[in-house]
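Participant: sequence and predicted model, in that order:
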There are 2 protein chains.
Amino acid sequence: MRNAEFDRQQVLRNAMYAFMGKGYSKTSMQDLTRATGLHPGSIYCAFENKRGLLLAAIDQYHEDRTCHLLALFAEDVPFKQKIQRYLDEIVAECLSCDVSQSCLLVKILTEVGEQDADVAAKVSAYLQQWQQALETAFATAIADGEIPSAPGAQASAQFLMMAIYGLRTYAHTHPHEQQLRQLTAMLTQQLLG
Amino acid sequence: MRNAEFDRQQVLRNAMYAFMGKGYSKTSMQDLTRATGLHPGSIYCAFENKRGLLLAAIDQYHEDRTCHLLALFAEDVPFKQKIQRYLDEIVAECLSCDVSQSCLLVKILTEVGEQDADVAAKVSAYLQQWQQALETAFATAIADGEIPSAPGAQASAQFLMMAIYGLRTYAHTHPHEQQLRQLTAMLTQQLLG
DNA sequence: GTTATTTTTGAACATTCATTCAAAAAAGAA
DNA sequence: TTCTTTTTTGAATGAATGTTCAAAAATAAC
């Protein structure tokens, strides 16, 4: 027997940054060997192929972001502040100059979603999971009287997801903090009363 | 002298459908020769290279969609109905099974925007042009008293563009008419009072 | 009708790609 | 240590890619 030398999480995080930067097709195996420090044979030994590395990177991305989201909403601050902070973080990401500008799940979904049903299903399920977490948060906020009952937890979570997708795309053409803040302000006004 | 045999608009529309379906990278020259009916040499003679064909297809797409948008907003119906119809069309596109599900400009912007500054600039300018048209329409609607003055023409146009981006992405994970209609209903309620 | 210019054709090109493979290295099991 | 199994290495492979090119065809101008 022999164990792998590399740190799997580290490798997956490097791979996901590579995929976020160039997308799946344009990220070559050469890019991936450079980003991960692994030779082609090691990648194929550990992840089967390039697509397998993508799938594993998606899993890691989802795990990392889910932890972050749950931690944020577990904090002991008013619900409105949680949403506000969440949107602030997204705006900051959109404005950052590194590759984290875009969400890996959405990037992959729009790029290869139509051609690879398995990838699309996995990514869709993960996004739906986040939407469900937001819906639960909205529901408890409504039950606690922190926000008005209209338009409801489900509708609010749906709309928030849609708006986040839109915000990230909008930032591609208008990477200006002022405009993005104006958009999130309109959004919070609608969802938080 | 000799004129080209093919119908340039027809070729560009076929090319843009090909690009919309698979994106830029995954659309091979073989796909393009099949879609356009042109041999490689003809494509290079007329458009210089694959990227040139993309740029020409983007121009054609923008021209087609701009004509459609202006015609819709030139109709003699209340402003609210124009917005409603516009969103209805987008929802219908999102639900259609052919490749027109996605907007070519947004698809290309998110795929190659970070790597090709010229393409990004062209696409961004075209999207901004559409946003400007919407803003003008909102402004006259406010001036005519058709909608309340808040939140203002510029903010409304920005938010609408963002929401359309988001709606198209959201449709990738939830291609269900009911949910999309719920989202557009929340949107029109906010923007049209 | 002849010439000049351009497009069309489709095979050929060089390059890049994801993938494979056999040998070498490493580590757990005996 | 010795054996066995797995990972690592990095060159090799074949397929697919975007692009080029020279000959052929076609049109416009004269």
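Facilitator: In hand now; what should we look at? Keep in mind that what you see is a predicted model, and the values were worked out from it rather than measured.

Participant: what about residue A:53, neighbour count?
Facilitator: By other C-beta atoms under 10 Å in any protein chain shown, the residues close to residue A:53 number 25. Any C-beta I mention is one placed from the backbone N, CA and C, and that applies to glycine too.

Participant: in this structure it contacts residue A:32, no?
Facilitator: Yes - using C-beta atoms under 8 Å, residue A:53 is in contact with residue A:32, at 6.6 Å.

Participant: now chain A against chain B: closest residue?
Facilitator: Using C-beta to the nearest C-beta, the single residue of chain A nearest to chain B is residue A:166, 2.8 Å away.

Participant: which is the next helix or strand following whichever strand or helix holds that residue?
Facilitator: Taking DSSP states H and E as the criterion, residue A:166 maps to helix A:153-173. Using DSSP H and E, the helix or strand that follows helix A:153-173 towards the C-terminus is helix A:177-192.

Participant: helices or strands next to that following helix in the packing?
Facilitator: helix A:79-95, helix A:153-173, helix B:153-173, helix B:177-192 (3 or more C-beta pairs under 8 Å, 6 or more residues apart in numbering or on different chains; DSSP states H and E).

Participant: can you do 6 Å?
Facilitator: helix A:79-95 (3 or more C-beta pairs under 6 Å, 6 or more residues apart in numbering or on different chains; DSSP states H and E).

Participant: buried residues in the helix it packs on, which are they?
Facilitator: A:79, A:82-84, A:86-87, A:90-91, A:93-94 (16 or more other C-beta atoms under 10 Å in any protein chain shown).

Participant: residue A:138 against residue A:156, yeah?
Facilitator: Yes - using C-beta atoms under 6 Å, residue A:138 makes contact with residue A:156 at a distance of 4.8 Å.

Participant: my guess is the residue of chain A closest to chain B contacts residue B:168. True?
Facilitator: No - the criterion here is C-beta under 6 Å, and residue A:166 misses it with residue B:168 at 8.7 Å.

Participant: and residue A:75, what does it touch?
Facilitator: For residue A:75, the contact set (C-beta atoms under 6 Å, 6 or more residues apart in numbering or on different chains) is empty.

Participant: could you report the pLDDT at it?
Facilitator: On pLDDT, residue A:75 comes in at 96.

Participant: now swap in residue A:3 and tell me
Facilitator: For residue A:3, the predicted pLDDT is 71.
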